[in-house]
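> This is the structure alone, sequence omitted:
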């Protein structure tokens, strides 16, 4: 069940990440638009891998792990590059905001790893999907950066990034609650079986 088409889409997001990082070493308007388009295209595969996995009944444990891992790697890498970039007319993305987002991603990854080691697979929650959508809007705006058609894409990107950070912390807390509920329920069943 590893080489299913949905899992290949997740692998594609992982493979495109270094390309995005390389493109972010250029800060001119043309490179910014190209990077934003590539990131948006890669992000759309997140919807299709989940949709195809459900439609074809090819949902697998590896897919449940690979899908959010690909998202975290791609989003985290781009956010770090955006925080490090020095572009004209606007300040860079605040590093503290990136730290909050990445700390949440790390905490969720660790808790999912602990759950997996105990035989529990924690699937992505709907709130986590909303967080990812908001992050995509934010990052596309921040990647475009320059003004087009009267829109300040940097300001739009920052707005969505702040909202996504709030949702990220909220969904991260939910993941931890889900983990402790699953663990408590499992311990409770084990105690009941022993009695």
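Structure received. Remember, predicted model here, so these are calculated numbers, not experimental data. Numbers count the residues shown, from 1 in each chain.
> list the helices and strands the lengthiest helix in the chain packs on?
Ordering each helix of the chain by length in residues (DSSP state H) puts helix 153-194 first. Helix 153-194 sits against helix 95-117, helix 126-144, with contacts defined as 3 or more CB pairs under 8 Å, 6 or more residues apart in numbering; DSSP states H and E. Bear in mind the C-beta positions are built from the backbone N, C-alpha and C, glycine included.
> wait, which of these is closest to residue 41?
helix 126-144 (10.6 Å; CB to CB).
> Contacts for the helix or strand that comes right after that closest one next, please.
Using DSSP states H and E, the helix or strand that directly follows helix 126-144 along the chain is strand 147-148. For strand 147-148, contacts defined as CB atoms under 8 Å, 6 or more residues apart in numbering pick out residue 153.
> Tell me which strands strand 147-148 pairs with, and in which orientation.
Next to strand 147-148 in the sheet, as set by DSSP bridges, lie strand 151-152 (antiparallel).
> Show me how far the strand it pairs with is from its chain's centre.
In this view, strand 151-152 has its centroid 25 Å away from the chain centroid, taken as CA atoms, centre = their mean, to the nearest Å.
> again with stretch 148-157
Distance, centroid of stretch 148-157 to centroid of chain: 23 Å (CA atoms, centre = their mean).
> buried sites along that stretch?
The neighbour-count check on stretch 148-157 (16 or more other CB atoms under 10 Å) flags 152, 153, 154, 156, 157 as buried.
> low-scoring pLDDT stretches of the protein, where are they?
Low-confidence segments of the chain (pLDDT under 70): 1-6, 48-65, 88-91, 121-125, 190-195.
> circling back to that earlier point, the longest helix of the chain to helix 126-144, inter-axis angle?
In terms of direction (axes from the mean of the first three to the mean of the last three CA atoms, to 10 degrees), helix 153-194 departs from helix 126-144 by 160 degrees.
> the inter-axis angle of helix 153-194 versus helix 95-117?
30 degrees.
> ok so, going back, wait, which of the helices and strands packed on helix 153-194 is closest to residue 47?
It's helix 126-144; of those, that one is closest to residue 47 (CB to CB) at 9.0 Å.
> which outside residues touch that closest one?
Outside helix 126-144, the residues that touch it by CB under 8 Å, 6+ apart are 24, 32-33, 35-36, 39-40, 43, 46, 68, 71, 75, 78-79, 82, 93, 101, 108, 153-154, 156-161, 163-164, 167-168, 170-171, 174-175.
> one more time with 7 Å
32-33, 35-36, 39-40, 43, 46, 71, 75, 78, 82, 93, 153-154, 156-157, 160-161, 163-164, 167-168, 170-171, 174 (CB atoms under 7 Å, 6 or more residues apart in numbering).
> Can you turn the buried part of these into a ChimeraX selection?
A single ChimeraX command is used to select the members of the contacts of helix 126-144 judged buried by 16+ other CB under 10 Å:
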select :32,35,36,39,43,46,71,75,78,82,93,153,154,156,157,160,161,163,164,167,168,171
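> Return the distance of residue 153 relative to residue 13.
23 Å (CB to CB, to the nearest Å).
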